[in-house]
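J.: Sequence and predicted model, in that order:
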Amino acid sequence: MIGNRLKRARDALGLSLRDLEAAINGHVSAQAIGKYERDEMMPSSTVLLALAKALQVSPEYLLSQRQIELTGVDFRKAPHAGVKEERAVEASVLDQVERYLELEELLPGVDQAWDAPSSKAFAISRVEDAEQAADALRNLWQLGIDPIPFMAELLEDKGVKVIALDLPENISGSKAFVQSPQRGDVPVIVVNQGHNGERQRFTLAHELAHLVLRFSGLSDAEQEKAADRFAGAFLMAKDMVLRLLGEHRTSISIGELAELKKIFKISIASLVVRCSQLGILPRQAYGKLWAQVKALGWNGPASAEPNLLPPEVPQRMERLCMRAVAEGAISEARAAELLCISVRELDRRLLGQSAR
């Protein structure tokens, strides 16, 4: 039966039943589509093809019996993000993760299982405890104190599926688990592909906090603050920050911070906050520096600060597709479908000609 998949694909495009009726040129009514979604009827082959085309999926996708569900969704968004937007994101995530899992099944041994840390260091009862948790995870993953070059690559290497989607500006990202009978719970972090690299990296680290931290006695607002503290500490290890800036400063210039952001790949505003967290700057000096950042408009999503980073594009799924094609596990047409690109574009990427 196609009910769940049909509704998921419709939600992914933000279409109402009547919108979909119009998109298939009235082949069937909105009421009939509703019956398909409730598995009360099955569409004819002609209607199935029309629905697939309108929903930008394959007929095979709608007919697939693979069972996956999304749980534990946690959107990091502005207060005015709507339920319709969230449903569209959830549907898109399920669609992409399903294609990702299908690809991994074609290449035995490539899937990396997520291993959630279980030590006491990740049990958080105060916002400040997140600092030690970030250090503990760096130690567990043997990262040392060096800046992290690519957050998306690191997380995918640890078994987290990183999905970049074209999201509304007011949604930074989310974490969730995809439940699959074959694979168990697969953690997923979604980032907004329209955001700059600084914002994406912080979102990835923030959502990682929600995957690894176990909160106790903290309000929702305090949990968000703890996740932010974890993100800053994970991206900017304390010992490295102190080594580069010194333990006690009376003043730090914007120019010095602009150079440091090249190293840590984080926003200047986040660097200023980190200096305050580590006590590098006294309160008055921090307030003065933050006022400068705010006056320049560098404390918001539309920041035009120096050395803006390009978006972090998850590459693992594309690499696996190329491998599957090279090893004859799938056709180029199927690989292009999994990546949602044309065969011509896939050919360019296989030849190393695609611009990044």
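T.: Yep, that arrived.
J.: what's the burial count for residue 24?
T.: Around residue 24 sit 19 other residues, with neighbours defined as other C-beta atoms under 10 Å. Every C-beta, even on glycine, is put in place using the N, C-alpha and C of the backbone.
J.: Just to check, it is in contact with residue 49?
T.: No. The pair residue 24 and residue 49 fails to qualify as a contact (C-beta atoms under 8 Å) at a distance of 9.5 Å.
J.: Listing request: residues of the stretch 151-300 of the chain with sub-threshold pLDDT.
T.: Applying pLDDT under 70 to the stretch 151-300 of the chain flags no residue at all.
J.: which residues of it fall in strands?
T.: For the stretch 151-300 of the chain, the strands identified by DSSP state E, counting those that start in this stretch occupy 161-165, 171-180, 184-192, 214-215, in order along the chain.
J.: so what strands line up beside the first one?
T.: Put plainly, it is strand 161-165. Partner strands for strand 161-165, per DSSP bridges, with pairing direction: strand 184-192 (parallel).
J.: chain center to the strand it pairs with, what's the gap?
T.: Here the centre of strand 184-192 is set off from its chain's centre by 7 Å, with C-alpha atoms, centre = their mean, to the nearest Å.
J.: Also stretch 292-307?
T.: The chain centre lies 23 Å from the centre of stretch 292-307; the measure is C-alpha atoms, centre = their mean.
J.: Now do the end-to-end distance for it.
T.: Between the opening and closing residues of stretch 292-307 there is a gap of 17 Å (C-alpha to C-alpha, to the nearest Å).
J.: May I have the secondary structure class of the residue nearest to residue 59 when sequence neighbours are not counted?
T.: Beyond its immediate neighbours in the sequence, the residue positioned closest to residue 59 (C-beta to C-beta, 6 or more residues apart in numbering) is residue 52, lying 4.6 Å away. Three-state assignment for residue 52 (DSSP: H, G, I helix; E, B strand; the rest coil): helix.
J.: quick one: contacts for residue 330?
T.: Contacts for residue 330 (C-beta atoms under 8 Å, 6 or more residues apart in numbering) come out as 103, 106, 321, 324, 338.
J.: Can you tell me how far it is from residue 321?
T.: 8 Å (C-beta to C-beta, to the nearest Å).
J.: Now the common contact residues for these two.
T.: Both residue 330 and residue 321 are contacted by 103, 338, under the criterion C-beta under 8 Å, 6+ apart.
J.: There's contact between residue 129 and residue 225 in this structure, I believe.
T.: No. In this structure, residue 129 is not within contact of residue 225 by C-beta under 8 Å, at 11.3 Å.
J.: Contacts for the host helix or strand of residue 36, please.
T.: Residue 36 is part of helix 30-37, with elements assigned from DSSP states H and E. Contact with helix 30-37 is made by 2-4, 6-7, 10, 16-18, 20-21, 41-43, 51, as judged by C-beta under 8 Å, 6+ apart.
J.: what's the lowest-pLDDT member of those residues?
T.: Sorting these by confidence puts residue 4 at the bottom, with a pLDDT of 84.
J.: helix/strand/coil for that one?
T.: Applying three-state DSSP to residue 4 yields a three-state assignment of helix.
J.: thinking again about what came up before, could you check how many residues crowd around the residue nearest to residue 59?
T.: Using other C-beta under 10 Å, residue 52 is surrounded by 21 other residues.
J.: For it, give me its contacts.
T.: 58, 59, 61, 62.
J.: Pull the contacting residues for the last one.
T.: Under the criterion of C-beta under 8 Å, 6+ apart, the neighbours of residue 62 are 2, 5, 6, 9, 48, 51, 52, 55.
J.: 6 Å instead, please
T.: In this structure, residue 62 makes contact with 2, 5, 52, judged by C-beta atoms under 6 Å, 6 or more residues apart in numbering.
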